[in-house]
Structures are given as C-alpha cells and as structure tokens.
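In: Pasting the sequence and the predicted coordinates here, then a few questions.
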Amino acid sequence: MSITNTKDRRPGDSMVLDTRRQPLVLRTLVSPRIADLVTEFRIKFPYCVGPSKLLQSLLLVDRCLCADLDTRLGKALTSLPNLQVLHINCLFCPDEEDTRHRYLADLVTTSLRELCLYCKCSRIRIEKSQHILSAPCMQSVITLDWIASGGRVRPDVYDVLTHTYRKVLPLVTKLRYGRTVDLEGIVAGRPITHLGCHTMKDGLHGALSKNTGALNRLRVDENWSNINFYMGRDPEPYRSLRHFGCFRFIGCASNYILKQMLPFAILEHLQSIEVFNHTIRLSRTEDREERNPWKVSLLDSLYKQHRRLKKIFIKDLVEVNKLTGEKCDCFLWERRESWERYSVSQFTDWDMVLGFEPQVVH
Ligand SMILES: [Zn+2]
Ligand SMILES: [Zn+2]
C-alpha cells in the first residue's frame with residue numbers, strides 16, 4: 001500500500017506502508033480530529049495473486065488481505081466529511097461476488113470534485129456503476145477517471161443508460177474510462193471538455209455527437225487511427241480539439257507519419273499532440289538516434305500541415321523488460337521561434353487528458 005502525502009504534495013510523492021501499518025493508518029483516519037483535515041486522499045494497494053497458498057509461496061507474497069483492507073478503506077473513506085479528491089488504485093485479486101468498493105456510494109462528503117478509480121478486482125457491472133455514480137455524494141464530481149476490468153454490455157442497454165445517466169454526475173466535464181461501455185451515457189448530453197478512452201467506437205462517437213460541450217482534449221489508448229475514420233464520417237465532435245493523443249508510431253519513417261497525420265489538418269485549433277515512438281534498430285551497430293524520425297525536418301513538415309501546432313509530447317520506448325516493464329524517455333518538442341527539444345519528467349495518460357504538463361528535466 002502506498003498513500004500519497006497530501007502535505008506539500010508533488011506528483012509521484014508517496015509513502016509506502018508495510019502490511020502492519022496499513023490497517024493502523026486506515027483506523028487513524030476514522031478519528032474525527034484527523035478526518036476533518038483530509039481533503040485529498042490517494043491510495044494504491046499492492047498487487048495480490050489471490051487466495052492460493054501455492055501461488056503466494058511461489059511468489060513470496062503475503063496472504064490475501066484484499067477483503068479486509070477494502071472493508072477498512074470503506075470505513076475510513078466514509079468518515080471524511082471534507083474529502084474533495086479521491087484516487088484509488090486497486091490491484092486486489094478478483095472478487096467474483098463483485099462486492100468491493102460499494103462504500104463509494106456512501107461517502108459523507110458533499111464536496112467531492114475528483115474521483116479516480118482504477119479497479120482490477122471486480123467487473124463493475126452496470127448495476128454497481130449506477131449505484132455508485134447516482135449516489136448523492138457524486139453530484140459534485142467534475143473530474144472522473146473510471147477504469148475497470150468490465151464485462152460486455154448488450155447494445156440495447158445503451159439507450160436506457162443514456163436516459164438514466166442524464167440524472168447523475170450532472171457536473172462532470174473531465175472523463176476517462178476503460179473498457180466498460182456503460183459510461184458512454186455520461187458523454188451524451190453533458191458538456192465534456194476532456195476525455196480519455198480505451199479506443200474510439202461507434203457508440204462513443206455517437207455519444208460525442210450529442211455532447212453539449214466543446215471537446216478540448218482527447219486521448220485514446222489504442223487504435224488512434226480509428227479517429228480518421230470517424231472524422232471522415234462526421235468531424236463536428238472533434239472541431240474544438242486543442243490536444244490529441246496518443247499517436248503510436250513503431251519503426252515508422254517521416255513520410256509515413258506525415259501521411260497518417262494529414263487527416264488531422266482539419267482540426268484548426270490543434271496545438272499539442274502526444275506521441276508514442278519506438279525506433280527499431282535494424283542492426284546492433286545502428287544508432288537509434290540516427291533512425292529516430294522525430295527531428296526538426298519532420299517537425300517543420302508537420303507544422304506546414306498543422307499551423308497551430310506548438311507542442312509535441314513524446315514517449316520514446318527505449319527498453320522492454322519482462323520484469324520491470326517498459327522504459328521510456330520522455331521529451332517535449334516546443335515551437336517558439338524554432339523547434340526546441342527538452343527532456344521532461346515521466347507523464348501519465350491521465351496527466352495528458354487533464355493537461356498537466358510534465359516538468360522540464362535539466
Ligand atoms: Zn487478494
Ligand atoms: Zn477493485
């Protein structure tokens with residue numbers, strides 16, 4: 001478990017708590033004197049392999065504490081009257097009964113403005129989403145990040161949800177969600193300005209065409225080129241975009257990149273983009289930098305296509321390690337008089353949706 005230190009907090013700051021101290025901290029939060037002071041709470045639970053004793057011994061992990069920790073978290077959170085920002089990163093083992101996190105509907109705060117739930121443990125079925133999101137404590141939420149390993153929903157449910165969700169989360173303008181389709185109802189009929197999603201689909205495109213706000217920032221995790229198809233069908237939902245990501249270019253040459261990005265030239269306000277780049281070396285002796293297409297010549301050509309383009313945030317994949325995951329160099333190309341390149345701190349998908357710019361690293 002790690003809990004972000006809310007005092008003098010900077011992105012990435014956190015305390016890692018061992019299993020003995022986790023329940024203690026959650027119990028302390030219930031104390032009225034402490035509870036009144038908490039306005040932001042971010043928590044990340046440890047990865048759990050599940051109740052299997054064999055797996056636990058093989059991977060040298062503690063016994064499964066998921067149900068107990070979730071209950072304690074619920075008690076703590078429902079004691080915080082002034083909570084404004086809540087982030088839960090749940091890496092609990094699967095919960096077949098889908099009973100966890102229901103306490104989110106019982107928060108006592110009336111000033112919650114930001115809720116981020118990344119949940120690996122449950123399917124978050126429609127009934128549960130509705131139960132949580134229609135609760136009185138959710139009425140004030142402006143920013144919602146909702147990523148769950150959800151199941152499939154029958155298409156005809158969509159209309160029902162669109163109708164139902166009009167009554168809930170009336171203030172949401174910034175939204176990111178994962179594979180579940182039930183939150184598309186929130187997009188339709190609401191002034192969504194910032195949106196992050198897994199991929200663009202018919203349902204979401206349709207919902208966006210009913211969106212009453214000017215969509216300012218859009219980030220799709222996969223299949224970004226689908227947007228070309230949807231912009232060709234109806235560009236209106238995307239006309240106000242100032243930021244788009246994430247373009248993914250794996251071993252691509254400059255000419256290919258320019259061609260792929262040409263349809264975006266109709267977006268007259270596009271000022272910044274996010275790119276995931278992976279330059280593939282053909283031989284061991286070949287210099288990766290030499291082959292990397294993101295150079296001034298490409299940027300100048302891009303600028304001819306996109307006259308307002310000022311910032312390009314790039315994650316450059318340098319290493320894939322089975323144990324430690326991906327390692328990326330992050331940098332920013334910024335256009336003032338000419339293009340300048342800066343190394344920047346690591347940034348998340350959610351940072352890009354919200355427009356939190358990474359810091360320049362010297
Ligand atoms: Zn567990
Ligand atoms: Zn969960």
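Out: Cool, the structure landed. Small disclaimer: the values here were computed from a predicted structure and weren't measured. Ligands and ions are numbered 1, 2, ... in the order given.
In: Quickly find the element holding I43.
Out: Under the criterion of DSSP states H and E, I43 resides in strand 40-44.
In: Could I have the CA atoms of that strand written out in CSV?
Out: Backbone C-alpha positions of strand 40-44 (Å, rounded to 0.1, in the frame of the first residue of the first chain) are rendered in CSV as follows:
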residue,chain,number,x,y,z
GLU,A,40,-7.3,14.7,-0.7
PHE,A,41,-6.7,11.0,-0.4
ARG,A,42,-4.8,8.8,-2.9
ILE,A,43,-4.1,5.2,-2.2
LYS,A,44,-2.5,2.4,-4.1
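In: Contact residues of the chain facing ligand 2?
Out: The chain comes close to ligand 2 at residues 90, 119, 121, as judged by Cβ under 5 Å from the ion. (Each C-beta comes from the backbone N, C-alpha and C, glycine too.)
In: My assumption is that the last one lies in a helix; please confirm.
Out: No: with DSSP: H, G, I helix; E, B strand; the rest coil as the criterion, C121 is assigned coil and is not in a helix.
In: For stretch 262-275, which residues meet the burial criterion?
Out: For stretch 262-275, the neighbour count (16 or more other Cβ atoms under 10 Å) marks 263-264, 267, 270, 272-275 as buried.
In: The residues you listed in helices, which ones?
Out: Judged by DSSP state H, helices contain none of the buried residues of stretch 262-275.
In: can I get the residues of the chain next to ligand 2 in TSV with neighbour count and pLDDT?
Out: Below are the residues of the chain next to ligand 2 laid out as TSV (neighbours: other Cβ atoms under 10 Å; pLDDT from 0 to 100):
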residue	neighbour count	pLDDT
C90	23	90
C119	21	88
C121	24	86
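In: which of these lies closest to ligand 1?
Out: Using Cβ to the ion, C121 is the member of the residues of the chain next to ligand 2 that lies nearest ligand 1, at 7.7 Å.
In: which residue sits closest to that closest one, ignoring its sequence neighbours?
Out: F92 (3.7 Å; Cβ to Cβ, 6 or more residues apart in numbering).
In: and that neighbour, how many residues sit next to it?
Out: 22 (other Cβ atoms under 10 Å).
In: what about it, helix or strand, and which?
Out: In this assignment (DSSP H and E), F92 forms part of neither any helix nor any strand.
In: what's the spacing between it and L115?
Out: 18 Å (Cβ to Cβ, to the nearest Å).
In: hey, where'd the helices end up in this structure?
Out: Counting by DSSP H, residue ranges of the helices within the chain are 21-30, 32-35, 53-58, 66-77, 126-133, 157-165, 184-187, 202-209, 226-233, 254-261, 288-291, 296-305, 349-354.
In: and for the second one, what are the contacting residues?
Out: Read it as helix 32-35. 28-29, 79-81 (Cβ atoms under 8 Å, 6 or more residues apart in numbering).
In: Could you do the first one as well?
Out: Judged by Cβ under 8 Å, 6+ apart, the contacts made with helix 21-30 from elsewhere in the structure are 1, 3, 17, 34-35, 38, 65, 68-69, 72-73, 75-76, 79-80.
In: starting at the chain centroid, how far to that helix?
Out: In terms of Cα atoms, centre = their mean, to the nearest Å, the centre of helix 21-30 is set 28 Å apart from its chain centre.
In: Show me what counts as buried in it.
Out: Within helix 21-30, judged by 16+ other Cβ under 10 Å, the buried ones are 22-23, 25-26, 29.
In: try the longest one
Out: By neighbour count, and taking 16+ other Cβ under 10 Å as the criterion, the buried residues in helix 66-77 are 66-67, 69-70, 72-74, 76-77.
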